[in-house]
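Q: Predicted structure and sequence below. I'll ask about it afterward.
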Amino acid sequence: MGRVLTNNLGLAYSIESALGTAGTSWQYVEPNEVGRFGTNISKVARNPISKNRQRRKGTVTDLDSAVEYQADWTMSAFEDFVEGFCFATAINADMDIASTAAETTTDTYTVAALTAAQSAKLEFSTGEYATLIYARGFTNSGNNGLKSVDADIATSATAISVAENLVDEASPPANARVELAGLRSLAAAADWTWDWDGTEKTGTLTSAADITDFSQFGLTVGQFIHIGSPDGSGGVTNAFENAAANDMYGYARIKTLGTGTIVCDKVDAALQFDDAVAPTTAVDIMFGKFIRNVDVDDTDYLERSFQFEAEWENLGSAGASEFEYAKGNYCNEVAFQLPLADKATVSFGFIGTDTESPVASGSRKSGASTALNPLMTDALNTSADIARLRVTETDETSLTTDFKSLTITIGNNVSPEKVLGTLGASYMNTGNFMVDIEAELLFTNGDVVDRIRNNTTVTMDFIVKNGDGGVAVDVPSLTLGDGTRNLPVNESVTIQTTSEAHEDETLGTSIGISTFPYLP
């Protein structure tokens, strides 16, 4: 019998096909610490009145199962579970497509036969526009990165053709894939224009003729986009022009979608102008998936359960590993933490139905032995990787951008449903979806106190990014609470706030999360 070391733990997950039934695709996660894995078993002893004055052997009466761990905030750690915690299928979730080869003669990626919905987003029109995709996970670096499709991709096609040169790679790693990254107006200079309305604080992107319906690419009201793409040397290219080429770029949130138009609010300062000169290069709109909470009748409502495998190295005979499975896990609570001058971290909490006893390797779940490693593992930090962080009035008048720390928590109030004759839970219940925020702010604006006292609705958004992509988190409506002032000696006065998100009257959501495969 061996000794199991924490540092030798292997932890993987699978999306279940039914509650308690593991899927066949598994992926490893990278925890910093595991707070809990497995069951808490309750027993009740017999305690009869007796001259023996002793308890008698009792019985097992209940079982609670959970998985809790903390990890660095990486793009993989985020995308693994964000749909599960929001109880919603991401818009464009179908555009994360596995690729089994890259071919240099035709510059194509080999994929499984595309659905009609997938092919409709892989569009090309000569001299007008092209879908942008981002490839990652290939062994040859030339096959990774931002690519532009150069042919209209048909339903059931098994190849995606791109304008860039690829390198033959017949057997890439199993996690190689391509995903939707945006749209490009090709160098037809006057096709796309940008108009700024300083009164309404909105920017309007108009397609002159080539695209009449931007929603066909999955663009959705409430989603963040980025105008402009990386130029490869730390700058931005393929943006609009005010006084100089590519000087109008940045983030914006889609407010409305019209015929050939995207009207945006929450617009970055560099985009708060009319484009004065038609761009001489292409114009890129960068975007990816979009997740927001929805009601239970929505077609995107999703109840997803996960199964976790823990590998206990040296637990079996002769030092062999044994494997334990936590089943039927619903996403209960996740907290994203942005401390001062540190890594950003995320804490996951799952509640499950049961955890099986450890088994030998011959009894592992199907597919677990070939679990994939995560691709996007660069940790986000809170110094260089925050692109935007602010609380504003609903009319976008700034309240504060000076944060000392921030924690945003998504909770689903999950509880196990237990019935007679079953040890553990038979079903899982979900409660109300809640978004709570705790922040410490520099005390730079007295209006913050006023908004706390008057229970005024405000809005918050923050964007983090690194070389693996980015995440824009939008809390469209919330109220501020607490207001405690902290007065540390020789430092700035700070104010402590707690915030509760509520349903936005326009969007009907408490949170919107936009992910980007690639950003400047």
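A: Thanks, I have it.

Q: In this structure Tyr129 contacts Ala209, no?
A: No: Tyr129 is beyond contact range of Ala209, at 10.4 Å (criterion: Cβ atoms under 8 Å). Placement of C-beta: from N, CA and C, glycine included.

Q: Overlap of the contact sets of these two?
A: Asp191 (Cβ atoms under 8 Å, 6 or more residues apart in numbering).

Q: So for these two, which residue has more residues nearby?
A: Comparing Tyr129 with Ala209 by neighbour count (other Cβ atoms under 10 Å), the higher total belongs to Tyr129, at 24 against 10.

Q: That one: what's it in contact with?
A: Contacts of Tyr129 (Cβ under 8 Å, 6+ apart): Glu123, Leu183, Arg184, Ser185, Leu186, Asp191, Ser207, Asp210, Ile211.

Q: how many other residues sit next to the closest residue to the first one other than its chain neighbours?
A: The spatial neighbour of Glu123 that comes closest, neighbours along the chain excluded (Cβ to Cβ, 6 or more residues apart in numbering), is Thr131 at 5.3 Å. Using other Cβ under 10 Å, the number of residues around Thr131 comes to 23.

Q: element containing Thr131?
A: strand 129-136 (DSSP states H and E).

Q: Walk me through which strands that strand pairs with, and which way each runs.
A: strand 124-125 (antiparallel), strand 145-148 (antiparallel), strand 177-185 (antiparallel) (DSSP bridges).

Q: Now the element after the second one, going C-ward?
A: Once strand 145-148 ends, the next helix or strand along the chain (criterion: DSSP H and E) is strand 159-161.

Q: Output the contacting helices and strands for that next one.
A: strand 96-103, strand 108-111 (3 or more Cβ pairs under 8 Å, 6 or more residues apart in numbering; DSSP states H and E).

Q: any residues touching the shortest one, and which ones?
A: Okay, so that is strand 108-111. Contacts to strand 108-111, defined as Cβ under 8 Å, 6+ apart, come from residues 97-103, 135, 143, 158-162, 166, 178.

Q: Give me the buried entries from these.
A: Listed as buried from the contacts of strand 108-111 are 97, 99-103, 135, 143, 159-162, 166, 178; burial here means 16 or more other Cβ atoms under 10 Å.

Q: from these, which is closest to Gly352?
A: Closest approach to Gly352 among those (Cβ to Cβ): Ile97, at 30.3 Å.

Q: doesn't Val178 make contact with the closest one?
A: Yes: using Cβ under 8 Å, Ile97 is in contact with Val178, at 5.3 Å.

Q: what is in contact with the two at once?
A: Val111, Ile160.

Q: Check the chain for its longest helix and report it.
A: Criterion DSSP state H: the longest helix present in the chain is helix 75-86.

Q: pLDDT score for Ile189?
A: Slight slip there: residue 189 is Ala, not Ile. Reading off the confidence values, Ala189 has pLDDT 51.

Q: Count the residues that sit near Thr497.
A: 23.

Q: Look up how far Gly367 lies from the spatially most central residue of the chain.
A: With distances taken as Cα atoms, centre = their mean, the residue of the chain nearest its centroid is Glu79 (4.1 Å). As judged by Cβ to Cβ, to the nearest Å, Glu79 and Gly367 stand 20 Å apart.

Q: try Asp342
A: Taken as Cβ to Cβ, the span from Asp342 to Gly367 is 36 Å.

Q: Quickly run through the sheet partners of the strand or helix carrying Val391, with directions.
A: Per DSSP H and E, Val391 falls inside strand 386-393. Under the criterion DSSP bridges, strand 386-393 sits next to strand 398-400 (antiparallel), strand 457-466 (antiparallel) in its sheet.

Q: Give me whichever of the ones you listed is most buried.
A: Counting by mean count of other Cβ atoms under 10 Å, strand 457-466 has the highest mean neighbour count of the strands paired with strand 386-393, with a mean of 21.

Q: Name the next helix or strand downstream of it, please.
A: The helix or strand immediately downstream of strand 457-466 is strand 469-486, counting by DSSP H and E.

Q: Counting by contacts, list what that following strand packs against.
A: Against strand 469-486 (3+ Cβ pairs under 8 Å, 6+ apart) you get helix 75-86, strand 386-393, strand 434-442, helix 447-453, strand 457-466, strand 494-501, strand 512-516.

Q: if we can go back for a sec, roughly how far is the longest helix of the chain from the heart of the chain?
A: 5 Å (Cα atoms, centre = their mean, to the nearest Å).

Q: buried stuff in it?
A: For helix 75-86, by 16+ other Cβ under 10 Å, it's Met75, Ser76, Ala77, Phe78, Glu79, Asp80, Phe81, Val82, Glu83, Gly84, Phe85, Cys86.

Q: my read: the first one touches Val471, true?
A: Read that as Met75. Yes: judged on Cβ under 8 Å, Met75 makes contact with Val471 at a distance of 7.5 Å.

Q: Need the overlap of contacts for the two.
A: Here Met75 and Val471 share the contacting residues Thr515, scored by Cβ under 8 Å, 6+ apart.

Q: about what we covered before: dump the helices and strands packed on strand 159-161 to CSV, plus mean pLDDT and distance to Met286.
A: Formatted as CSV, the helices and strands packed on strand 159-161 follow (pLDDT from 0 to 100; distance: least, Cβ to Cβ, whole Å):
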stretch, mean pLDDT, distance to Met286
strand 96-103, 97, 16
strand 108-111, 98, 20
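
Q: Compare those strands and give me the one nearest Cys264.
A: Minimum separation from Cys264 across the helices and strands packed on strand 159-161 (Cβ to Cβ) falls at strand 96-103, 24.9 Å.

Q: residues in contact with that closest one?
A: With Cβ under 8 Å, 6+ apart, strand 96-103 has contacts from 108-112, 114, 118, 135, 138, 140, 143, 159-160, 166-172, 175-179, 289.

Q: just stretch 76-87 next, same as before
A: If you take Cβ under 8 Å, 6+ apart as the criterion, stretch 76-87 is touched by 13, 27, 29-30, 71, 89-90, 93, 289, 291-294, 301-304, 306, 330-331, 334, 346, 348, 374-377, 410, 412, 430, 433, 468, 471, 511, 513, 515.
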